[in-house]
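# Generate coordinates for the sequence data below:
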Amino acid sequence: MVLEMSSCGDDDLRTKTFSYDFNTGQVAADFAYTCTHANTLSATITVDELEDGGSEVTVTLDNTIDGETYNTHAHDMADAATTTNMTPYNESPNGNVFAMALAGNGGEVSGKKHIYIIL
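Below is the predicted model of the structure:
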């Protein structure tokens, strides 16, 4: 994962948001979700640039199940030809970016982490 942000003042702080839904076949039919959790679960990842030179990573899950634990984490990008399972990311999570267990409540849950990215 590579993030680059710079700022000259409060007005220049940036935010980037990424949205994720279950793969129900639209991404890759061979890997479509087929388990028991309703496929309405979705995630939003927001990266906010902060004045101190760091960033805040927020992961928000929508349509969670009350009492379910959602282990969320980030992975670094990789060439799929070099990974064990041919995934386009290193398969070991990068806890320096984000790794958190979120407790489902039947609705929306979020976790935040303040990070510094050294380029």
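# Report pLDDT for the residue nearest to the spatial centre of the chain.
Among the residues of the chain, the one closest to the centroid is I45, at 4.9 Å (CA atoms, centre = their mean). Per-residue confidence for I45 comes out at a pLDDT of 94.
# before we move on, what about M1?
M1 is assigned a pLDDT of 43 by the prediction.
# now this protein, which segments are flagged as low pLDDT?
The chain contains residues with pLDDT under 70 at 1-11, 27-28, 117-119.
# what ranges do the strands span in it?
Taking DSSP state E, the strands of the chain run over residues 15-21, 42-49, 55-62, 69-73, 99-103, 109-115.
# how near is the residue nearest to the centre of the chain to A80?
21 Å (CB to CB, to the nearest Å). Yep, even glycine has a C-beta here, placed from its N, CA and C like the rest.
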